[in-house]
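1. requesting a structural model of the entry that follows:
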Amino acid sequence: MKVSKTGLALLAATHLQTALAQGTDSRLAAVSCKPGFVAASESYPFLREDSLTELPDTKLTVESLDFTRLKIFDESNPDENNALFLWANRFHILTRPRIIEQLMLFAEGVVIEGRLLDETARILRNL
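-> From the prediction side, this is the model:
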């Protein structure tokens, strides 16, 4: 099953943490981030570039959900570090954690399939 590279980092990180904990896919590697809702402090690349190409066809158990809310533009990227993008980041309101939790189609301890993960990503992208 193919997954869009525009999938949210929070969902991919959740999937990767679960897959890595279960040892289901050695190709996937996540960069650690702080648990809970925090804005990214230095950079956006939570995942390797190629880590979102395929999900395993097996069902996975969600062991934990760690959310990271991000600014719109990555200020460490020279292409996105200009006055307009800095202004947009400054005035962008991050979604409240409670709202994200309400929109999630799964919770900790639940067995999920890739299509449920994809649908949750679609819902969250439309915020």
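2. okay, CA-based contacts and neighbour counts for the rest of this
-> OK.
3. show me where pLDDT drops low in the chain?
-> The chain contains residues with pLDDT under 70 at 1-58.
4. can you map out the helices along it?
-> For the chain, applying DSSP state H gives helices covering 9-22, 83-91, 97-103, 114-125.
5. can you get me the start-to-end distance on stretch 87-104?
-> One end of stretch 87-104 to the other measures 30 Å (Cα to Cα, to the nearest Å).
6. that should have said stretch 97-113, apologies.
-> For stretch 97-113, the first and last residues are 23 Å from each other (Cα to Cα).
7. got it, and stretch 73-91?
-> 12 Å.
8. repeat that for stretch 95-111.
-> Criterion Cα to Cα; first-to-last residue distance in stretch 95-111 is 26 Å.
9. for stretch 86-105, same thing?
-> End-to-end span of stretch 86-105 (Cα to Cα): 33 Å.
10. kindly report the same for stretch 92-109.
-> In stretch 92-109, first residue to last residue: 33 Å (Cα to Cα).
11. list of residues touching it?
-> With contacts defined as Cα atoms under 8 Å, 6 or more residues apart in numbering, stretch 92-109 is touched by 37, 61-65, 69-72, 112, 116-117, 120, 123-124.
12. let's see it at 6 Å
-> With contact meaning Cα atoms under 6 Å, 6 or more residues apart in numbering, stretch 92-109 is reached by 62, 63, 64, 120.
13. please tell me how far the last one sits from residue 126.
-> So the one you mean is residue 120. Residue 120 is 10 Å from residue 126, by Cα to Cα.
14. who's more crowded, those two?
-> residue 120 (18 against 6; other Cα atoms under 10 Å).
15. ends of stretch 75-93, what's the gap?
-> End residues of stretch 75-93 are separated by 16 Å (Cα to Cα).
16. same check on stretch 61-68?
-> One end of stretch 61-68 sits 20 Å from the other (Cα to Cα).
17. again, but for stretch 60-70
-> Note: stretch 60-70 ends 26 Å apart using Cα to Cα.
18. go on, stretch 81-95?
-> Using Cα to Cα, one end of stretch 81-95 lies 22 Å from the other.
19. determine the number of other residues adjacent to the spatially closest residue to residue 64 that is not a sequence neighbour.
-> Spatially, and ignoring its direct neighbours in sequence, residue 64 is nearest to residue 108 (5.3 Å; Cα to Cα, 6 or more residues apart in numbering). Using other Cα under 10 Å, residue 108 has 11 other residues around it.
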